[in-house]
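Engineer: Predicted model and sequence below, questions to follow.
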Amino acid sequence: MSRAQLKICGNQSWDDLKVLQTYGDQINHVGFIFTKQSKRVVSAEQVSSWLEEYPSLLEKAVAVFLNQEADEILQILGQTGIQTVQLHGNESLDTVNELIEKHRFEMEKKGYKGTLSIWKVLHVHTDVMKRWDATHNQGIEEVGEQAFVQKVEQLQQDIQTWVNHVDAFLLDTQVKGSVGGTGMRFDWRILPLLADFIEQLSDKSKPLWIAGGVRPENVEELIQGYGIRGIDIASGAEVNGKKDALILKRLIERMGEENGTGAVIKST
Ligand SMILES: O=C(O)c1ccccc1NCC(=O)[C@H](O)[C@H](O)COP(=O)(O)O
């Protein structure tokens with residue numbers, strides 16, 4: 001039995017990292033966002049100075065990008081030393097392959113061994129699930145269910161496309177007009193259909209992270225109810241845009257000491 005894993009994303013300051021350090025052992029990954037489209041954007045200079053101060057965070061660090069060129073991503077990785085990237089947009093397989101190749105070349109040139117770890121984000125739109133729910137309640141099942149089934153099939157197709165090219169999947173809420181870090185959850189009833197699918201395709205070895213509106217009040221539902229083993233939070237650990245020690249404490253307490261089977265995707 002082991003704890004579900006925790007990633008705290010969108011860290012923006014020394015103060016945020018100081019708060020995270022208090023719970024260092026319980027936090028498996030810390031995320032930094034390098035897209036200007038985020039209100040939580042940080043620069044490579046800032047992050048490398050923070051990681052110099054807190055070197056134990058380097059191996060936990062995840063660099064988040066949104067539809068950026070391979071060369072820009074590589075430059076930021078080179079400056080910060082981060083080796084895990086979260087691709088949050090509609091990046092193509094070509095971009096990912098270019099990224100992997102160029103990263104390998106750079107590492108070899110420097111005589112380093114490290115390999116790049118790639119997490120692909122898949123977006124679950126709030127609208128489709130709401131429509132499915134609403135039409136179900138009104139008994140017009142066919143239209144709503146069709147939209148739901150189409151969305152599941154599309155996500156399953158995306159999983160199939162990416163499964164052999166990435167190290168982990170992250171599901172996040174897609175809200176019209178926003179790109180991430182929305183603080184809104186998607187309809188988690190879709191989870192078994194996607195988690196089981198990933199499990200079948202990847203022989204249980206592909207971690208699945210859930211983001212979007214997770215907070216202390218609902219994290220148990222994800223872990224106990226859906227067997228999820230990777231929890232990703234930005235807004236749900238903040239007060240006025242800053243990471244908050246009390247919320248983190250509550251979150252970690254709610255996640256429990258030993259809260260599952262240790263399977264990364266889901267317990268069966
Ligand atoms: O958080 C952002 O501002 C953000 C902006 C653009 C792309 C990604 C972004 N966040 C990445 C994350 O992994 C967040 O943790 C995830 O979106 C969940 O956020 P939240 O619902 O706020 O917990």
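Structural biologist: Now that the structure is in, tell me what you want to look at. Numbering: from 1, shown residues only.

Engineer: mind checking how far Lys60 is from Asp244?
Structural biologist: When distances are taken as C-beta to C-beta, to the nearest Å, Lys60 and Asp244 turn out to be 19 Å apart. The C-beta positions use only the backbone N, C-alpha and C, and glycine is treated the same way.

Engineer: More neighbours: which of these two?
Structural biologist: Regarding Lys60 and Asp244, a neighbour count based on other C-beta atoms under 10 Å identifies Lys60 as having more, with 19 against 16.

Engineer: The ligand contacts on the stretch 1-150 of the chain?
Structural biologist: Within the stretch 1-150 of the chain, the residues that sit near the ligand (C-beta under 6 Å from any ligand atom) are 9-10, 31, 33, 35, 37-40, 64, 66, 88.

Engineer: so which residue of the chain comes closest to the ligand?
Structural biologist: Closest approach between the chain and the ligand, counting by C-beta to the nearest ligand atom: Gly181, at 2.0 Å.

Engineer: Ignoring the adjacent residues along the chain, who's closest to that residue?
Structural biologist: By the measure of C-beta to C-beta, 6 or more residues apart in numbering, the closest residue to Gly181 outside its immediate chain neighbours is Ala234, 4.4 Å from it.

Engineer: What residues does Val41 make contact with?
Structural biologist: Residues counted as contacts of Val41 (C-beta atoms under 8 Å, 6 or more residues apart in numbering) are 33-35.

Engineer: just how off-centre is the biggest helix by length in the chain within its chain?
Structural biologist: Among the elements of the chain assigned as helix by DSSP state H, the one spanning the most residues is helix 141-162. Between the centre of helix 141-162 and the centre of its host chain there is 21 Å, according to C-alpha atoms, centre = their mean, to the nearest Å.
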